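Trainee: build me a model:
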Amino acid sequence: MAELLAHVNWWNRWMLDIIEMGQALPYPPHAADTWPQVGAGDWGNVKNEFYELLARIDTHAARPDLASPVNHEETIGELLADFALHTAHHFGQIISVRQALGRGRRRGRGHLVSEQPAQDFANAAAQLYLGGVANVTWERAISDLSAADAGRRPAGLPHSAAQIVAHVQFWQHYLLAVIAGENPPAVAHAAEGWPAGELPAGEWEALRDRFLRDAQRLRDLTLDASLTASPDRKGRPYAVALTNSAGHSVYHLGQVVTVRQALGLWPPVGGGATW
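Mentor: Predicted coordinates for the structure are as follows:
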């Protein structure tokens with residue numbers, strides 16, 4: 001868990017250096033360079049730095065020049081969105097690590113939700129429906145999984161990859177229904193968004209295809225400026241729901257990666273996201 005957070009800190013520092021210096025920086029030669037070694041006594045410092053970096057990032061979130069290029073062709077807004085969702089991706093992995101250690105419950109609850117119209121973030125948010133520029137894609141993470149492997153649950157973890165995909169698909173389908181004006185009823189409890197048990201035999205391939213199809217539909221809608229600026233049934237721009245949904249998706253992508261790693265099924269065919 002400390003290594004995951006230290007990795008997030010590495011990239012957030014790199015992003016802040018770009019934004020605060022106002023100039024592009026070279027990417028590290030290898031992905032492994034962004035995973036610092038963390039000792040047993042480093043956890044407090046890693047955690048404190050994480051919060052300090054978030055506080056610095058927060059000062060840039062509402063700046064008026066979000067549309068200005070800063071990292072080659074990437075704007076300040078796109079850079080902030082990319083790394084907010086990179087953080088969410090690894091947050092999903094941290095939750096899985098805590099679950100595997102029997103420490104999945106935490107005190108308090110809540111969500112970090114941005115209610116900005118997020119039009120400047122549209123391209124970055126849309127990319128997250130595929131998996132994001134810094135992560136393995138959803139298609140690569142799940143396409144080579146057999147039904148049997150997709151239904152396997154590692155010891156100490158509460159869900160299989162198939163259950164996680166079914167959960168994300170539940171909310172993808174729900175959001176698409178809202179956008180289509182079908183007015184689905186509000187979900188009373190979070191548990192309703194999770195399958196009651198393992199998928200019946202033979203349903204994995206159909207679920208996977210629906211999931212990838214609907215992710216692409218949501219990606220296309222996120223790029224539709226007229227839609228993202230229009231109000232949803234709560235009066236907020238659809239950009240809010242679409243951006244939050246993209247973050248939810250990549251969060252659970254991190255969990256699927258962790259499940260596969262725990263089962264010895266990583267990397268997927270074609271390799272993971274590394275260089």
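Trainee: hmm, who's touching stretch 51-64?
Mentor: 9, 12-13, 15-16, 19, 76, 80, 83-84, 114, 116 (Cβ atoms under 8 Å, 6 or more residues apart in numbering). C-beta here means a position set from N, CA and C on the backbone, and glycine is covered the same way.
Trainee: and it, what's its mean pLDDT?
Mentor: The average pLDDT within stretch 51-64 is 88.
Trainee: cool, and stretch 181-194?
Mentor: 93.
Trainee: so what touches that stretch?
Mentor: Contact partners of stretch 181-194, identified using Cβ under 8 Å, 6+ apart, comprise 159, 163, 166-167, 170-171, 174, 177-178, 233.
Trainee: quickly name whichever of those is closest to residue 25.
Mentor: Proximity to residue 25 was ranked across the contacts of stretch 181-194 by Cβ to Cβ; first place goes to residue 171, at 35.5 Å.
Trainee: quick revisit: just the buried members of the contacts of stretch 51-64?
Mentor: Using 16 or more other Cβ atoms under 10 Å as the burial test, these include 9, 12, 15-16, 19, 76, 80, 83-84 as buried.
Trainee: now residue 69, what are its backbone angles?
Mentor: The phi and psi values for residue 69, taken as degrees, to the nearest 10, are phi -70, psi 140.
Trainee: ok, now which ones touch the closest residue to it other than its chain neighbours?
Mentor: The shortest distance from residue 69 to any non-neighbouring residue, by Cβ to Cβ, 6 or more residues apart in numbering, is to residue 75 (5.5 Å). For residue 75, the contact set (Cβ under 8 Å, 6+ apart) comprises 66-69, 120.
Trainee: for the chain, which segments count as helices?
Mentor: Taking DSSP state H as the criterion, the chain carries its helices at 2-21, 43-58, 76-100, 122-128, 138-142, 147-150, 161-179, 204-222, 225-229, 238-262.
Trainee: what's the angle from the last one to helix 161-179?
Mentor: Angle of helix 238-262 versus helix 161-179, following axes from the mean of the first three to the mean of the last three Cα atoms, to 10 degrees, is 170 degrees.
Trainee: what's the mean pLDDT across helix 238-262?
Mentor: Helix 238-262 carries an average pLDDT of 91.
Trainee: now for it, which elements pack on it?
Mentor: Here helix 238-262 touches helix 76-100, helix 122-128, helix 138-142, helix 161-179, helix 204-222, helix 225-229, going by 3 or more Cβ pairs under 8 Å, 6 or more residues apart in numbering; DSSP states H and E.
Trainee: buried residues of it, list them for me.
Mentor: Going by neighbour count (16+ other Cβ under 10 Å), the buried part of helix 238-262 is 238-260, 262.
Trainee: likewise for the first one?
Mentor: Along helix 2-21, these residues count as buried under the neighbour rule (16+ other Cβ under 10 Å): 2, 4-12, 14-16, 18-19.
Trainee: same question, the fifth one
Mentor: Residues of helix 138-142 classed as buried: 138-142 (neighbour count, 16+ other Cβ under 10 Å).
Trainee: remind me what that helix packs against, helices and strands.
Mentor: Using 3+ Cβ pairs under 8 Å, 6+ apart, the elements in contact with helix 138-142 are helix 204-222, helix 238-262.
Trainee: check the gap between residue 49 and residue 128 for me.
Mentor: Distance of residue 49 to residue 128, given as Cβ to Cβ, to the nearest Å: 25 Å.
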